[in-house]
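In: structural data only, the sequence is not supplied:
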Ligand code: PMP
Ligand code: GLN
């Protein structure tokens with residue numbers, strides 16, 4: 001074929017969104033919000049278009065955005081980046097990840113991720129000719145929620161599951177063959193927030209084996225429990241860490257595709273070298289608007305997370321009433337649910353029928369695992385709560401009626 005095996009399948013997100021549209025289903029599949037960006041951000045993009053910001057921006061991004069990215073990282077994390085040589089604007093985090101992996105990975109090099117993992121990682125590692133290794137995120141059931149859960153309502157609440165990454169397994173998986181450890185915290189699809197100790201294990205092992213750490217932190221501001229620790233802020237990390245961010249999730253502008261990379265100048269130069277041949281540059285009027293968004297007050301960022309946390313709780317309450325076992329996200333957009341009580345031996349098969357049968361779309365967790373390795377996640381699905389309240393309530397009603 002034109003491309004190597006496995007690289008041209010439609011993404012699970014395109015597939016499920018098409019099914020949701022075809023059946024008028026509540027789309028809890030693809031992770032995009034159906035709410036508007038902050039008013040100042042939207043207005044700023046409209047004004048930029050009216051004011052003529054419609055041609056190519058500089059390849060590395062408009063200076064005002066590069067400076068806003070640097071200022072944002074200093075304000076929230078005390079990290080200092082030179083806006084000219086250490087900050088690169090990209091077409092979303094997707095391009096940031098692709099340019100970084102294509103710059104760093106030579107054919108046969110190993111790239112380590114946790115599993116499950118965001119599906120683009122496997123595709124881009126393959127495009128770069130790398131070998132994808134994984135360390136499992138382990139799921140263990142904790143006490144039954146007891147039928148009168150946090151939702152304050154009686155019901156058939158299912159069990160809660162907790163997730164764990166074994167530091168010894170991580171350490172053992174990072175070897176001299178490892179070129180890049182690709183970290184994702186806050187994590188998609190599990191919503192796990194990795195703690196500083198686990199991240200330090202990664203940084204120390206990467207240093208020992210002279211590997212890079214590529215860290216995808218697109219959910220940095222959407223944390224409900226625990227605290228986001230940027231990898232680059234850890235002792236010994238900065239010199240080998242490439243950090244990736246995005247405006248999509250924080251500002252509810254996933255369609256604008258504005259992301260960024262921060263890294264020490266020599267590494268950033270290599271990433272920029274690839275990026276210029278992918279898109280060269282993109283999104284001129286959106287870049288200034290994102291700069292405006294990154295300069296919002298601390299309380300505005302906190303309010304975004306709080307609003308999302310309430311919607312998480314709304315979906316959790318609805319799924320509790322059906323009695324499903326859940327991984328309740330500490331962060332991000334998604335709750336994981338065991339669909340076994342709904343007759344799912346294989347969630348991939350059930351999710352294909354769910355939009356038509358139940359009027360709800362979800363993504364099987366197997367989509368975030370290597371082909372044929374669903375393992376302990378076989379009957380589990382990911383449901384997005386970054387949707388308006390009416391959509392979440394209707395999805396809950398439909399699932400309950402169908403269950
Ligand atoms: N990384 C993760 C973990 C994501 O969940 C997503 C999209 N939801 C991306 C990267 C891609 O971000 P962008 O839309 O900015 O390309
Ligand atoms: N990142 C989003 C998700 O996890 C989807 C992005 C996409 O559609 N490529 O659902």
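Out: Structure's in. What do you need? Here the structure is a predicted model, which means the values were calculated and not measured. Ligands and ions are numbered 1, 2, ... in the order given.

In: which stretches of the stretch 301-403 of the chain have low pLDDT?
Out: For the stretch 301-403 of the chain, no stretch has pLDDT under 70.

In: how about residue 260, secondary structure?
Out: strand (DSSP: H, G, I helix; E, B strand; the rest coil).

In: look up how far residue 20 lies from it.
Out: According to CB to CB, to the nearest Å, residue 260 and residue 20 sit 30 Å apart. For the C-beta atoms, the positions are set from N, CA and C on the backbone; glycine is no exception.

In: who has more neighbours out of those two?
Out: residue 260 (30 against 21; other CB atoms under 10 Å).

In: surely the more buried one and residue 61 touch.
Out: Yes. With contact defined as CB atoms under 8 Å, residue 260 and residue 61 form a contacting pair (7.3 Å).

In: any residues in contact with both of those two?
Out: 87-89 (CB atoms under 8 Å, 6 or more residues apart in numbering).

In: now these as CSV including neighbour count?
Out: Formatted as CSV, the shared contacts of residue 260 and residue 61 follow (neighbours: other CB atoms under 10 Å):
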residue, neighbour count
87, 23
88, 26
89, 28
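
In: mind checking how far whichever residue of the stretch 151-300 of the chain sits closest to ligand 1 is from residue 397?
Out: Residue of the stretch 151-300 of the chain nearest ligand 1, by CB to the nearest ligand atom: residue 246 (3.3 Å). Note on residue 246: its distance to residue 397, by CB to CB, is 32 Å.

In: ok, the two, which is more surrounded?
Out: Per other CB under 10 Å, whichever of residue 246 and residue 397 has more neighbours is residue 246, with 26 against 15.

In: now the residue nearest the centre of the chain. Nearest residue, chain neighbours left out?
Out: The chain has residue 188 as the residue nearest its centroid, 4.3 Å off, counting by CA atoms, centre = their mean. Of all residues not flanking residue 188 in the chain, residue 118 sits nearest, at 4.8 Å (CB to CB, 6 or more residues apart in numbering).

In: name the residues of this protein found near ligand 1, please.
Out: Within the chain, the positions adjacent to ligand 1 are 31, 92-94, 118, 184, 188, 216, 218, 246, 248, 254, 257, 259 by CB under 6 Å from any ligand atom.

In: in helices, which of those residues fall?
Out: Using DSSP state H, the subset of the residues of the chain next to ligand 1 located in helices is 92-94, 248.

In: and these, which two are the farthest apart?
Out: Using CB to CB, these span at most 9.4 Å, a distance reached by 94 and 248.

In: shared neighbours, these two?
Out: 257, 259.

In: what's the nearest residue in the stretch 51-200 of the chain when you look at ligand 1?
Out: residue 92 (2.5 Å).

In: pretty sure that residue contacts residue 255?
Out: No. Look at residue 92 against residue 255 with CB under 8 Å: they stay out of range, at 9.6 Å.

In: okay, and the beta partners of residue 27?
Out: residue 361 (DSSP bridges).

In: in the helix or strand harbouring residue 172, what's buried?
Out: Residue 172 is located in helix 167-173, with elements delineated by DSSP states H and E. The neighbour-count check on helix 167-173 (16 or more other CB atoms under 10 Å) flags 170, 173 as buried.

In: report the separation between residue 235 and residue 308.
Out: On the measure of CB to CB, residue 235 and residue 308 end up 31 Å apart.

In: these two: which is more packed in?
Out: residue 308 (25 against 10).

In: how much distance is there from stretch 326-339 to the middle of the chain?
Out: When distances are taken as CA atoms, centre = their mean, to the nearest Å, stretch 326-339 is centred 13 Å away from the chain's centroid.

In: how far out from the middle of the chain is the top helix by length along the chain?
Out: When the chain is parsed with DSSP H, its longest helix is helix 298-322. Centroid separation for helix 298-322 versus its chain: 17 Å, with CA atoms, centre = their mean.

In: list the buried residues for it?
Out: Neighbour-count burial for helix 298-322 flags 301, 304-305, 308-309, 311-322 (criterion: 16+ other CB under 10 Å).

In: of those, list those near ligand 2.
Out: Among the buried residues of helix 298-322, no residue is within reach of ligand 2 (CB under 6 Å from any ligand atom).

In: overlap in contacts, residue 92 and residue 255.
Out: Contacts common to residue 92 and residue 255, judged by CB under 8 Å, 6+ apart, are residue 248.

In: who's more crowded, those two?
Out: Set side by side, residue 92 and residue 255 show more neighbours around residue 92, with 23 against 9, by other CB under 10 Å.
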